[in-house]
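J.: here's my sequence, what's the structure:
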Amino acid sequence: MADISSDFLGIKSPNPFWLASAPPTDKKINVLRAFEAGWGGVVWKTLGSQVKNVSSRYSAVNYGGQKVMGFNNIELISDRPLHINLREIEECIKLFPDRAMVISLMADNDRDSWHELIRKVEDTGAHGVELNFGCPHGMTERGMGAAVGQDPEIAKMVVEWVMEKATIPVITKLTPNVHSVVPTGKAVVQAGTNGLSLINTIQSVTGVDLDTLVPNPYVAGKSVFGGYCGPAVKPIALKFLTTIAQNEVTNKVPISGIGGVSTWKDAVEFMLLGASNVQVCTAAMKHGFRIVEDMCEGMINWMDDRGFKKLDDFIGKSVNNITHWEDLDINYHHIAHINQDKCVHCGLCYIACEDTSHQSINLEYGKPYNTYTIKEEECVGCNLCQLMCPVTDCITMEEHRVAPEYLNWKQFQEKGLPLNDH
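T.: The predicted model follows:
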């Protein structure tokens with residue numbers, strides 16, 4: 001059986017699934033329940049100067065009958081006294097010494113505050129710290145959170161302060177509320193951070209209540225931009241992760257992947273694109289801590305099927321498969337094929353193609369049902385029909401190369417080849 005034990009910067013855990021810094025890691029009772037359920041580690045909810053939170057704090061986007069496709073929060077860092085958090089952290093470590101205990105930090109923006117906070121956290125026996133440079137609400141107005149992560153020079157300065165004092169691994173958490181995470185990622189790596197984690201939440205408005213006319217979440221007739229997470233942000237997280245994994249500076253340190261991880265498949269995708277482990281929040285809040293059982297089992301079964309013995313065997317294997325558009329093979333072409341034995345004659349493929357795409361599907365009216373076939377000479381291989389089809393493997397894409405040799409856009413232009421004439 002595959003070994004899914006994880007070693008992240010020397011922080012060992014029985015599996016690569018950590019709970020992210022968030023409400024599920026706010027106090028001892030939550031963390032112990034998580035460890036009892038089987039989570040490999042936690043990143044304790046961000047510690048710093050004590051704050052006061054508001055009510056309500058959460059909102060969500062539901063889609064297609066699914067609750068919480070996207071999740072939004074305006075909760076700040078821990079509003080519990082620092083000494084209570086520190087005491088509970090130490091107690092959790094003693095009860096579960098084999099689990100990863102990393103503490104998220106957000107100190108006031110001066111060297112002494114960071115040094116003092118680092119000292120107090122290290123005294124608990126914590127295995128590492130994660131610098132919260134990503135919180136997009138509330139703390140930014142105080143020059144903290146994303147306000148640090150959005151400025152590479154400030155982020156570099158703070159990491160340098162931290163590295164002066166820290167004797168345990170330091171992970172820097174990056175904000176996605178930028179055009180690119182690479183500049184800040186490079187700055188903090190150059191400043192000495194041992195690892196990176198990403199993404200934090202995306203600044204957002206999830207919707208407006210059509211009765212009150214106030215956006216959600218509602219706080220006495222007002223709202224603010226919140227941090228968006230959950231399954232909806234996974235594609236954005238994977239993109240940012242890949243840019244970090246492909247950069248020759250930032251890929252020198254291990255990466256903890258965050259953003260919409262809900263299943264073992266999601267975790268595998270993050271790890272294929274360069275993450276050494278993953279952090280989870282929204283899925284645990286929606287389904288409870290026991291989802292980690294399926295995550296572990298699913299990853300082990302997939303690794304066994306693929307012949308992978310340990311996590312390092314597949315981490316990063318997909319990074320080089322994302323390239324630049326101008327390097328894609330123009331001569332590669334595929335055409336849709338509809339399996340008539342599987343077709344349920346719903347017509348969704350035809351509607352999508354006829355109304356919004358390339359008019360490449362024939363409709364033959366009949367009784368008791370219509371028949372749909374592909375116009376091969378018109379099909380551009382966009383695979384919209386396949387995406388819309390509700391039946392697995394009813395529509396497949398079959399390779400029909402334009403020519404046998406590889407040809408990219410730059411070569412196409414150099415040869416002066418003709419463009420479409422219709």
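J.: what are the ranges of the helices in the protein?
T.: With helices called from DSSP state H, the chain shows them at 28-37, 82-95, 111-122, 146-149, 152-165, 182-191, 234-246, 264-272, 282-287, 291-306, 348-356, 384-388, 409-414.
J.: which of those sits most buried?
T.: Ranked by mean neighbour count, the helices of the chain are led by helix 146-149 with a mean of 26 (mean count of other CB atoms under 10 Å). Just so you know, the C-beta spots here come from the backbone N, C-alpha and C atoms, and that holds for glycine as well.
J.: can you show me the CA trace of that helix as PDB?
T.: Taking C-alpha atoms only, helix 146-149 is exported to PDB below (Å, rounded to 0.1, in the frame of the first residue of the first chain):
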ATOM      1  CA  ALA A 146      -3.100  41.400   2.300                       C
ATOM      2  CA  ALA A 147      -1.700  45.000   2.600                       C
ATOM      3  CA  VAL A 148       1.700  43.300   3.300                       C
ATOM      4  CA  GLY A 149       1.300  40.600   0.700                       C
END
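J.: any low-confidence regions in the stretch 101-250 of the chain?
T.: For the stretch 101-250 of the chain, applying pLDDT under 70 flags the ranges 134-146.
J.: list the residues that contact the closest residue to K120 other than its chain neighbours.
T.: Among residues not flanking K120 along the chain, L86 sits closest, at 6.0 Å (CB to CB, 6 or more residues apart in numbering). If you count contacts by CB atoms under 8 Å, 6 or more residues apart in numbering, L86 has them with L47, K120, V121, D123, T124.
J.: please name the residues that touch the last one.
T.: Contacts here follow CB under 8 Å, 6+ apart; on that basis T124 touches L86, I89, E90, I93, I103.
J.: wait, the last one sits on V129?
T.: Right, the one you point to is I103. Yes - using CB atoms under 8 Å, I103 is in contact with V129, at 5.2 Å.
J.: who touches both of those two?
T.: V121.
J.: for F308, which residues are in contact?
T.: Counted by CB under 8 Å, 6+ apart, F308 has contacts A2, F314.
J.: what distance do you get for it to D294?
T.: Counting by CB to CB, to the nearest Å, the gap from F308 to D294 is 19 Å.
J.: repeat for H358
T.: Taking CB to CB, one finds H358 at 40 Å from D294.
J.: list the beta-bridge partners for M106.
T.: G48 (DSSP bridges).
J.: correct me, but it touches L47?
T.: Yes - here M106 lies in contact with L47, judged by CB under 8 Å, at a distance of 7.4 Å.
J.: if you count what's nearby, which of these two comes out ahead?
T.: M106 (29 against 24; other CB atoms under 10 Å).
J.: tell me the buried residues in stretch 62-74?
T.: Of all the residues in stretch 62-74, those buried under the rule 16 or more other CB atoms under 10 Å are V68, M69, G70, F71, N72, N73, I74.
J.: also stretch 12-30?
T.: 13-28, 30.
J.: circling back to that earlier point, could you dump the helices of the chain into JSON lines and include distance to S204?
T.: Below are the helices of the chain laid out as JSON lines (distance: least, CB to CB, whole Å):
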{"stretch": "helix 28-37", "distance to S204": "25"}
{"stretch": "helix 82-95", "distance to S204": "28"}
{"stretch": "helix 111-122", "distance to S204": "29"}
{"stretch": "helix 146-149", "distance to S204": "13"}
{"stretch": "helix 152-165", "distance to S204": "22"}
{"stretch": "helix 182-191", "distance to S204": "20"}
{"stretch": "helix 234-246", "distance to S204": "11"}
{"stretch": "helix 264-272", "distance to S204": "20"}
{"stretch": "helix 282-287", "distance to S204": "13"}
{"stretch": "helix 291-306", "distance to S204": "24"}
{"stretch": "helix 348-356", "distance to S204": "27"}
{"stretch": "helix 384-388", "distance to S204": "25"}
{"stretch": "helix 409-414", "distance to S204": "35"}
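J.: from the geometric centre of the protein, which residue sits farthest away?
T.: Most distant residue from the mean C-alpha position of the chain: K367, 47.6 Å away (CA atoms, centre = their mean).
J.: before we move on, back to that, ok, the contacts of T124 vs V249, which is closest?
T.: I103 (26.0 Å; CB to CB).
J.: quick one: residues contacting that closest one.
T.: I103 touches V43, W44, L47, I89, V121, T124, A126, G128, V129, E130, counting by CB under 8 Å, 6+ apart.
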